[in-house]
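Enquirer: what would the 3D arrangement of this be:
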Amino acid sequence: MSQVAGWITHRYLKFAVIAFWLVVVALLGPLAGKLTGAQDNDAKSWLPADAESTEVLDVAGSFVSANTIPAVMVYERSSGLTPDDLAAIAADAAEFGTLDTLDGAVVGPIPSQDGEAAQIIVPLDLGSDGWNLAADAVVDLRATAEDGPDGLDVYVTGPAGSAADSSAAFEGIDGTLLYAAVAVVIVILLITYRSPILWILPVISAGVALTVSQALIYLLADNYDLTVNAQSAGILTVLVFGAGTDYALLLVARYREELRKHGDRHEAMALALHRAGPAIIASGATVAIGMLALLFATMNSTAGLGPVAAIGIGVALLVMLTLLPALLVTCGRWIFWPRTPKLGDSEPSEHGFWARVGGRIERRPRATWIGTSAALLVACVGIVALNATGLTTEESFRGEQPSIVGEKVLSAHFPGGAGSPVVVIANTAQADGVAAVLADVEGIDPASVSEPVVKGDLAYIEGTLTSAPDADEAYDTVDRVREAVHAVPDAEALVGGTTAVNLDVQRASADDNRLIIPIILLIVFLILMVLLRALVAPLVLIGTVVLSFGAAIGISALVFKYAFGYAGADTSFPLFVFVFLVALGIDYNIFLMTRVREETLRIGHHRGSLVGLAATGGVITSAGLVLAGTFAVLGTLPLVAFAEIGFAVAFGVLLDTLIVRSVLVTALNLDIGKAMWWPSALSKQKEPEPAEQPVAVPVS
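Expert: Next up is the predicted model:
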């Protein structure tokens with residue numbers, strides 16, 4: 001590390017480092033802008049490859065284009081449709097039949113039994129990029145339909161309407177999150193550094209890291225089928241700016257310390273990199289490896305997030321350890337103006353806030369950690385209010401969406417699943433028997449079951465649900481359909497459709513939660529064990545991480561239910577929050593404990609624990625504020641799942657930095673004593689006599 005640090009901060013080689021990154025950005029910058037176009041947001045990109053509904057999507061392509069998105073046009077007049085209304089609706093159906101994007105025949109008009117509504121089903125083929133094009137297609141359909149008699153209300157719903165609302169919600173997400181994250185980082189850096197200039201260098205470095213990350217991810221998505229969707233692309237922006245700025249804060253804090261001891265800024269940065277670099281590298285590597293654990297997920301979208309996040313963290317780590325130091329030493333001490341560190345200045349942390357907190361904890365460490373743990377355990381009780389069983393389409397958005405309004409109108413006049421049928425694929429020889437069994441299933445409208453469409457050895461059958469396609473009743477119906485058609489001898493029947501897709505997503509996410517959370521805990525434990533060269537400390541730290549996660553989820557669940565009024569949470573919510581809180585929260589464990597270990601080697605464990613807290617408390621707090629602020633910007637999106645992840649991670653990070661890492665871990669350090677380092681030789685190191693203990697916080 002010393003040799004590498006010397007190269008990066010060399011009086012002349014530093015310019016080569018800066019030039020290298022300028023060239024990289026110039027070459028990769030244009031590719032970064034293509035990432036949005038490389039996103040895959042269709043249903044198959046989210047599903048596990050072995051899910052039954054995925055198999056149906058694969059097979060159904062021979063009957064209906066895989067790119068077909070049905071749009072359900074709903075017409076309503078509460079006083080009853082007039083002859084003029086019916087004529088206008090029929091004319092619309094004829095016009096829809098001339099669309100270039102039509103895939104098959106237009107179905108309808110179908111009048112409702114109460115005479116107050118009618119529907120037309122328009123099967124659209126918008127190509128492989130249909131999810132992104134759905135909004136424009138829906139606008140065109142609505143424009144055609146709204147040119148009718150006064151008082152005739154028109155709605156567009158069904159899969160196309162839902163896709164249009166979803167794509168509109170994600171439209172501009174990259175720019176929104178980027179600008180919001182940059183604004184949050186700038187504000188917090190201004191407060192932290194109290195300099196009108198210094199914040200520029202970490203923000204420039206984070207921007208470079210994001211650009212390079214996006215370009216590399218685009219190349220993998222374009223050439224190696226890496227699954228990237230709007231969710232993972234949005235999280236990438238937040239993650240790179242949040243974690244990258246955290247690494248910058250730690251490095252700059254150590255650099256400032258060394259500037260007070262060394263007149264040569266190049267020497268000061270070399271020492272800062274030598275001493276802070278291992279902790280930063282260990283933190284980044286832990287986060288990246290933790291994210292890669294998502295590759296074990298069965299959900300394509302979750303598995304795809306792993307490499308996306310790991311690449312973002314890896315690039316951010318590389319940029320902050322090369323470009324940022326080169327920029328800092330090129331600028332010189334003046335970049336810290338007006339609080340420019342001078343040679344011989346005293347270390348402000350020796351009598352600062354966290355030094356005083358450490359003094360208070362030192363008086364009664366056992367009572368401190370027991371009381372803190374008890375409070376966190378009480379907060380964990382809120383988990384019982386967490387309903388992470390999935391969200392309906394209506395519950396997924398903050399605010400009412402046009403397709404949801406249309407779905408309500410449709411359900412009021414027609415069977416609930418109109419426009420989103422259950423699809424059954426079966427062997428041709430048993431097709432009639434499967435259709436008959438399907439018609440007898442509770443929750444399926446018998447009159448809606450279609451005649452089997454046969455192609456070769458396979459037949460395609462549809463049936464309409466009597467309940468809304470995203471209701472619990474609909475999911476129960478899919479289970480009954482599967483049980484019934486699977487029992488038909490030699491039919492080899494498969495059940496899919498929109499409702500089946502959503503059901504399979506929920507169940508795969510639940511399975512991923514049970515599989516990946518233990519894997520991540522094991523990875524983090526092993527890395528801590530190697531880094532700290534101990535067994536007790538990693539076990540204690542893992543315990544605090546789990547306790548912190550439980551408290552964050554518990555408080556968040558109560559806030560979601562009673563403050564925000566959310567109906568529940570997405571099935572993947574616990575896993576995503578766990579990954580981000582544990583993988584990112586372990587950064588603060590590493591920052592603190594590596595410094596405690598460094599000081600323990602010099603001045604003993606007891607004093608080293610207090611010095612470690614005093615020296616790192618400020619920078620850990622600032623880093624936590626940055627990470628919490630960047631994740632909080634997810635709440636600017638009109639999607640409940642993003643808002644919930646943003647709030648829970650932001651709250652959890654603040655809880656972690658202000659309470660768990662600084663108070664609970666320090667109290668445990670003091671109470672357990674040097675046994676924290678068992679079985680290493682450090683656990684047998686003799687504590688110095690009180691008179692030999694320094695009274696000030698050292699800076700080296």
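Enquirer: just confirm Val424 is within a helix.
Expert: No - counting by DSSP: H, G, I helix; E, B strand; the rest coil, Val424 is located in no helix; its state is strand.
Enquirer: any chance of the backbone angles for the closest residue in space to it that isn't next to it in sequence?
Expert: Using CB to CB, 6 or more residues apart in numbering and skipping residues adjacent in sequence, the residue nearest Val424 is Ile461, 4.4 Å away. For glycine as for every other residue, the C-beta is placed from the backbone atoms N, C-alpha and C. Per-residue torsions, Ile461: phi -130, psi 140 (degrees, to the nearest 10).
Enquirer: so Ile461 versus Asp470, what's the distance?
Expert: Ile461 sits 22 Å away from Asp470, going by CB to CB, to the nearest Å.
Enquirer: what's the answer for Ala431, then?
Expert: Separation of Ala431 from Asp470 (CB to CB): 28 Å.
Enquirer: same deal with Asp85?
Expert: Per CB to CB, Asp85 is found 29 Å from Asp470.
Enquirer: in terms of neighbours, single out the busier of those two.
Expert: Set Asp85 next to Asp470 and count neighbours by other CB atoms under 10 Å: Asp470 wins out with 24 against 21.
Enquirer: how close does the more buried one get to Ile516?
Expert: In this view, Asp470 and Ile516 are 26 Å apart by CB to CB.
Enquirer: same check on Thr322?
Expert: Applying CB to CB to Thr322 and Ile516 gives a distance of 32 Å.
Enquirer: compare those two (neighbour count), which wins?
Expert: Ile516 (23 against 20).
Enquirer: residue boundaries of the helices in the stretch 201-350 of the chain?
Expert: For the stretch 201-350 of the chain, the helices defined by DSSP state H, counting those that start in this stretch occupy 230-259, 265-292, 300-331.
Enquirer: now the last one and helix 265-292, what's the angle there?
Expert: What it means is helix 300-331. Interaxial angle of helix 300-331 relative to helix 265-292 (axes from the mean of the first three to the mean of the last three CA atoms, to 10 degrees): 180 degrees.
Enquirer: and helix 300-331, how far out from the chain's middle?
Expert: Distance of helix 300-331 from its chain centroid, counting by CA atoms, centre = their mean, to the nearest Å, is 17 Å.
Enquirer: which helices and strands does that helix pack with?
Expert: Counting contacts by 3 or more CB pairs under 8 Å, 6 or more residues apart in numbering; DSSP states H and E, helix 300-331 packs against helix 2-8, helix 13-32, helix 43-46, helix 200-224, helix 230-259, helix 265-292.
Enquirer: dump stretch 641-653 to CSV, restricted to CA.
Expert: Below are the C-alpha coordinates for stretch 641-653, written out as CSV (Å, rounded to 0.1, in the frame of the first residue of the first chain):
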residue,chain,number,x,y,z
ALA,A,641,-41.4,0.1,-3.0
PHE,A,642,-38.7,2.7,-3.7
ALA,A,643,-40.0,5.1,-1.0
GLU,A,644,-40.0,2.3,1.6
ILE,A,645,-36.5,1.1,0.7
GLY,A,646,-35.2,4.7,0.8
PHE,A,647,-36.8,5.4,4.2
ALA,A,648,-35.8,2.2,5.9
VAL,A,649,-32.2,2.3,4.7
ALA,A,650,-31.8,6.0,5.5
PHE,A,651,-33.3,5.5,9.0
GLY,A,652,-31.2,2.4,9.5
VAL,A,653,-28.0,4.1,8.5
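Enquirer: report the rounded mean pLDDT for it.
Expert: Averaged across stretch 641-653, pLDDT comes to 88.
Enquirer: now that stretch: how far from the chain's centre is it?
Expert: On the basis of CA atoms, centre = their mean, stretch 641-653 is displaced by 9 Å from the centre of the chain it belongs to.
Enquirer: same check, this time on stretch 77-95
Expert: That offset, for stretch 77-95, works out to 45 Å (CA atoms, centre = their mean).
Enquirer: how about stretch 234-253?
Expert: 15 Å.
Enquirer: next up, the contacts around the residue nearest to Val424.
Expert: Contacts for Ile461 (CB atoms under 8 Å, 6 or more residues apart in numbering) come out as 423-426, 431, 434-435, 438, 449-450, 452-453.
Enquirer: between the residues you listed, which sits nearest Tyr247?
Expert: Closest approach between the contacts of Ile461 and Tyr247, by CB to CB: Val423, at 48.7 Å.
Enquirer: what sits closest to that closest one if chain neighbours are left out?
Expert: Gly497 (4.2 Å).
Enquirer: ok, the one you found - contacts?
Expert: 53, 56, 420-423, 462, 478.
Enquirer: go again using 6 Å as the cut-off
Expert: By CB atoms under 6 Å, 6 or more residues apart in numbering, the contact list for Gly497 reads 421-423.
Enquirer: just the CA coordinates of the helix or strand containing Ser167, formatted as PDB?
Expert: Using DSSP states H and E, Ser167 sits within helix 158-170. Below are the C-alpha coordinates for helix 158-170, written out as PDB (Å, rounded to 0.1, in the frame of the first residue of the first chain):
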ATOM      1  CA  GLY A 158     -55.100  -3.700 -18.600                       C
ATOM      2  CA  PRO A 159     -51.400  -4.600 -19.000                       C
ATOM      3  CA  ALA A 160     -50.800  -1.800 -21.500                       C
ATOM      4  CA  GLY A 161     -52.300   0.800 -19.100                       C
ATOM      5  CA  SER A 162     -50.200  -0.600 -16.200                       C
ATOM      6  CA  ALA A 163     -47.100  -0.600 -18.300                       C
ATOM      7  CA  ALA A 164     -47.700   3.000 -19.300                       C
ATOM      8  CA  ASP A 165     -48.100   4.100 -15.700                       C
ATOM      9  CA  SER A 166     -45.000   2.200 -14.600                       C
ATOM     10  CA  SER A 167     -42.900   3.600 -17.400                       C
ATOM     11  CA  ALA A 168     -44.100   7.100 -16.700                       C
ATOM     12  CA  ALA A 169     -43.200   6.700 -13.000                       C
ATOM     13  CA  PHE A 170     -39.700   5.600 -14.000                       C
END
